[in-house]
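**Q** A structural model of the following input is requested.
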Amino acid sequence: MIEAATPPFIPAPKRYRKTGSPFYAAVLELHGDPAFLPQLRALRDEVEGAFGATVLAPGSSREEFAYFEKNREEGSELWGGNFRTASAPLLSVSVKKIVSGAVVGSVEGDELCFQAGSYTLRCAPSGIELAALTAEGAAAGAATLLQLLHFGWEGWRFRLASCEIEDYPAMEWRGMMIDSSRHFFSIPALKRILSVAWLYKINRFHWHLTDDQGWRVELLNTPEATESGATRPGQDPNRNGFYRQTEIRDLVAFASERGITVVPELDLPGHVQAVLEGNPELACVRGPQRVRTEWGISEEVLCLGNEGSIQFALTAWDEVCELFPGPYVHIGGDECPTTRWEHCPKCAAKKKELNLKDWVDLQGYFMQTLTEHLERKGKTVFAWDEVMDTAVPNSANVVHWRQWLPDQGTRALAEGRNVVRSPFSPYYFDFVQTDDRTLSPGLAYKVPQASTLRRVYEFDPLEGLLGTGGDGGGRFLGIQGNAWSEYIRDPRRLEYMLFPRLLALMETAWNGRKRPPFEVFLETLKRGHGGSGGASDGTGVIFAHLGINAGPLP
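**A** Next comes the predicted model:
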């Protein structure tokens with residue numbers, strides 16, 4: 001249990017007010033609006049996993065959740081009120097849907113406010129009430145409630161603060177990217193990470209599913225993509241594998257219950273050596289291809305003079321869109337050399353046919369074709385900021401990663417594109433965390449500084465962006481941390497590289513420039529999120545050292 005005048009929430013809520021003395025509860029009875037049943041289910045699962053099934057009233061059991069889901073009308077009369085426990089204090093936990101209007105009060109003076117993600121939480125001996133306008137707001141409020149329960153857990157009961165919270169995020173996009181191509185991470189491993197990330201109000205999981213080193217998504221219409229593209233030579237089991245469509249649907253549902261939208265990425269037309277092994281006819285160079293075993297940028301790309309390459313991409317995306325019902329997709333587009341195209345007769349003919357000036361405009365034509373196809377399917381399309389390097393117009397939104405091109409973000413806004421900022425320094429979480437390499441495994445590259453917790457926290461992603469959209473209509477959506485997995489070989493190392501830097505990122509995403517000073521954040525982190533009784537306690541997730549959680553390097 002953690003004693004504090006103000007519980008050590010991360011991210012910090014906008015308004016916290018103490019309303020009375022602490023009180024005890026031993027059993028929680030969950031109920032609420034049917035519209036928020038997925039969030040109630042996720043809350044129940046996380047409570048059971050962290051504190052055991054005995055803290056849940058019988059009316060909150062898995063069986064009754066399932067019954068209620070199938071029989072909503074008659075089940076609503078039984079929901080949550082049919083059992084009482086005399087032997088221990090029972091606390092009602094209600095999740096309420098606000099039909100219309102603002103959830104929270106005044107937000108004047110805030111540079112950014114995403115009202116759709118807002119919620120209120122009232123905790124008193126008479127019960128806990130969580131109110132939200134949307135499922136995303138309900139999920140955010142449930143994450144705050146879970147932290148409150150962790151802080152008050154005494155091993156068999158909860159000592160809870162009497163309080164009222166009004167809260168809302170600054171940024172609409174609060175993202176995390178995991179690269180499952182360079183090394184493969186199982187669905188259970190990803191679920192564990194998503195469960196902890198949910199505690200800190202992540203709401204976008206950008207899933208990098210394909211690259212030179214592995215094609216990880218099962219395609220029933222093109223089975224050779226994974227028959228050969230999901231395996232590469234060597235004895236390391238973390239190099240090989242792919243996600244079956246049933247597994248993908250399961251993870252998407254799991255994330256959705258926690259307010260997290262999964263954004264799939266098929267990285268095209270570069271970074272494709274894995275798929276070329278099973279489809280060598282899609283390459284510019286004749287002969288066998290192989291799944292790449294080295295890192296770096298490969299010259300082997302899709303032959304864009306071959307209509308089969310276009311058709312492969314469209315067919316693959318048609319199938320992937322069925323697996324990911326969310327509104328967002330990411331079509332890649334980064335680091336695509338033009339060398340092969342410049343020596344390919346088919347590509348030369350296509351360039352001439354389309355009257356393109358530069359070779360990079362072949363990629364522009366490809367990205368334009370993909371974007372228009374996916375927009376017709378109702379998807380909002382994102383790409384890496386290289387999508388702007390061509391004269392061929394397209395409407396893809398931008399994930400801006402190339403920090404050495406700072407004007408890309410403002411230019412994208414002026415062109416009417418929405419922007420997510422994800423600068424490689426400090427938001428690439430495969431980079432070293434401290435200047436002491438013995439304590440900080442990871443990549444160094446030629447960056448001026450390590451991506452320390454302080455640098456992640458104090459970096460200002462809003463600089464130069466707010467108020468620069470002009471008449472273009474583009475919007476700054478938020479920020480994202482990326483975990484590329486060239487040197488992240490297993491889930492434990494992945495956790496170590498993500499946490500606690502992801503918490504620093506989410507504090508920025510939730511509170512923007514109004515976040516607390518770093519020293520306050522660090523003390524909050526140490527007090528409530530790294531050790532016994534902390535919000536991540538019992539999850540099994542590894543945190544990096546940094547004075548928070550001692551232990552051997554994974």
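
**Q** what packs against the helix or strand harbouring Gln147?
**A** Per DSSP states H and E, Gln147 falls inside helix 135-152. Helices and strands touching helix 135-152, by 3 or more Cβ pairs under 8 Å, 6 or more residues apart in numbering; DSSP states H and E, are helix 37-51, strand 90-97, strand 119-124, strand 127-132, strand 158-160, strand 163-167, helix 187-199, helix 518-528. All C-beta atoms are positioned from the backbone trio N, CA, C, and that covers glycine.

**Q** report the angle between it and helix 187-199.
**A** Relative orientation of helix 135-152 and helix 187-199, computed by axes from the mean of the first three to the mean of the last three Cα atoms, to 10 degrees: 90 degrees.

**Q** centre of the chain to helix 135-152, how far?
**A** 17 Å (Cα atoms, centre = their mean, to the nearest Å).

**Q** what does stretch 286-303 give?
**A** 28 Å.

**Q** show me what counts as buried in it.
**A** Neighbour-count burial for stretch 286-303, with 16 or more other Cβ atoms under 10 Å as criterion, is recorded at Gln289, Val291, Arg292, Ser298, Glu300, Val301, Leu302, Cys303.

**Q** how about a markdown table for the residues you listed, with pLDDT, secondary structure and distance to Gly472 added?
**A** Output for those, formatted as a markdown table (pLDDT from 0 to 100; DSSP: H, G, I helix; E, B strand; the rest coil; distance: Cβ to Cβ, whole Å):
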| residue | pLDDT | secondary structure | distance to Gly472 |
| --- | --- | --- | --- |
| Gln289 | 94 | coil | 41 |
| Val291 | 96 | coil | 41 |
| Arg292 | 95 | coil | 38 |
| Ser298 | 97 | coil | 34 |
| Glu300 | 98 | coil | 36 |
| Val301 | 98 | coil | 30 |
| Leu302 | 99 | strand | 30 |
| Cys303 | 99 | coil | 34 |
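
**Q** for the stretch 251-400 of the chain, which segments count as helices?
**A** Secondary structure of the stretch 251-400 of the chain (DSSP state H, counting those that start in this stretch): helices at 273-278, 307-323, 339-342, 345-353, 360-376.

**Q** the residue nearest the centre of the chain: which element?
**A** Centroid check for the chain by Cα atoms, centre = their mean gives Phe205 as the closest residue, at 2.4 Å. Taking DSSP H and E as the definition, Phe205 sits inside strand 204-208.

**Q** quick one: contacts for the closest residue in space to Ala124 that isn't next to it in sequence?
**A** Excluding the flanking residues, the one nearest Ala124 by Cβ to Cβ, 6 or more residues apart in numbering is Ser162, at 5.4 Å. When contacts are counted by Cβ atoms under 8 Å, 6 or more residues apart in numbering, Ser162 is found next to Lys18, Thr19, Gly20, Ser21, Pro22, Phe23, Cys123, Ala124, Pro125.

**Q** switch the cut-off to 7 Å
**A** Lys18, Thr19, Gly20, Ser21, Pro22, Phe23, Cys123, Ala124 (Cβ atoms under 7 Å, 6 or more residues apart in numbering).

**Q** and the pLDDT for the residue lying closest to Gly241 once chain neighbours are set aside?
**A** Leaving aside its chain neighbours, Gly241 sits nearest to Phe184 (4.1 Å; criterion: Cβ to Cβ, 6+ apart). pLDDT for Phe184: 97.

**Q** sorry, back to before: so the strand holding Phe205 versus helix 187-199, what angle?
**A** Going by the same axes, to 10 degrees, strand 204-208 makes 150 degrees with helix 187-199.

**Q** can you redo the buried residues of stretch 286-303 as TSV with distance to Phe518?
**A** Output for the buried residues of stretch 286-303, formatted as TSV (distance: Cβ to Cβ, whole Å):
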residue	distance to Phe518
Gln289	48
Val291	43
Arg292	40
Ser298	39
Glu300	44
Val301	42
Leu302	44
Cys303	49
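
**Q** what is the nearest of those to Leu525?
**A** Arg292 (38.4 Å; Cβ to Cβ).

**Q** my guess is that closest one contacts Gln213, does it?
**A** Yes - between Arg292 and Gln213 there is a contact under Cβ atoms under 7 Å: 5.4 Å.

**Q** which secondary element of the chain has the worst mean pLDDT?
**A** helix 72-78 (a mean of 42; mean pLDDT, DSSP states H and E).

**Q** low-confidence ranges, the stretch 1-150 of the chain, go.
**A** Within the stretch 1-150 of the chain, the set of residues satisfying pLDDT under 70 comprises 1-4, 59-88, 100-111.

**Q** please apply the same query to the stretch 451-554 of the chain.
**A** 466-471, 530-554.

**Q** before we move on, the earlier item: just say which of the helices of the stretch 251-400 of the chain is most tucked in.
**A** helix 273-278 (a mean of 26; mean count of other Cβ atoms under 10 Å).

**Q** can you name every helix or strand that that one contacts?
**A** strand 210-211, strand 214-215, helix 224-227 (3 or more Cβ pairs under 7 Å, 6 or more residues apart in numbering; DSSP states H and E).

**Q** could you dump it to CSV, C-alpha only?
**A** Below are the C-alpha coordinates for helix 273-278, written out as CSV (Å, rounded to 0.1, in the frame of the first residue of the first chain):
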residue,chain,number,x,y,z
GLN,A,273,13.0,-8.8,-48.9
ALA,A,274,11.0,-11.2,-46.7
VAL,A,275,8.1,-11.2,-49.1
LEU,A,276,10.3,-11.3,-52.2
GLU,A,277,11.7,-14.7,-51.2
GLY,A,278,8.3,-16.3,-51.9
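
**Q** follow-up on the earlier one: for Gly214, see how far away the residue nearest to Gly241 is.
**A** Distance, Phe184 to Gly214, using Cβ to Cβ, to the nearest Å: 7 Å.

**Q** pop the domain breakdown of the chain in here.
**A** 15-167, 396-460+481-554 (automatic domain parsing).

**Q** next, format those as JSON lines and append distance to Thr6.
**A** Below are the domains of the chain laid out as JSON lines (distance: least, Cβ to Cβ, whole Å):
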{"stretch": "domain 15-167", "distance to Thr6": "6"}
{"stretch": "domain 396-460+481-554", "distance to Thr6": "9"}
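
**Q** list the residues that contact Tyr487.
**A** Tyr487 neighbours (Cβ under 7 Å, 6+ apart): Asp430, Gly442, Leu443.

**Q** just Glu227 next, same as before
**A** Glu227 neighbours (Cβ under 7 Å, 6+ apart): Gly278.

**Q** pLDDT value on it, please?
**A** pLDDT, Glu227: 95.

**Q** next: Leu354.
**A** 98.

**Q** picking up where we left off before, need the helices of the stretch 251-400 of the chain in JSON lines with distance to Arg258, can you?
**A** Shown next, in JSON lines, are these (distance: least, Cβ to Cβ, whole Å):
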{"stretch": "helix 273-278", "distance to Arg258": "30"}
{"stretch": "helix 307-323", "distance to Arg258": "18"}
{"stretch": "helix 339-342", "distance to Arg258": "42"}
{"stretch": "helix 345-353", "distance to Arg258": "44"}
{"stretch": "helix 360-376", "distance to Arg258": "25"}
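
**Q** with respect to Val263, which of those helices lies nearest?
**A** helix 307-323 (11.2 Å).
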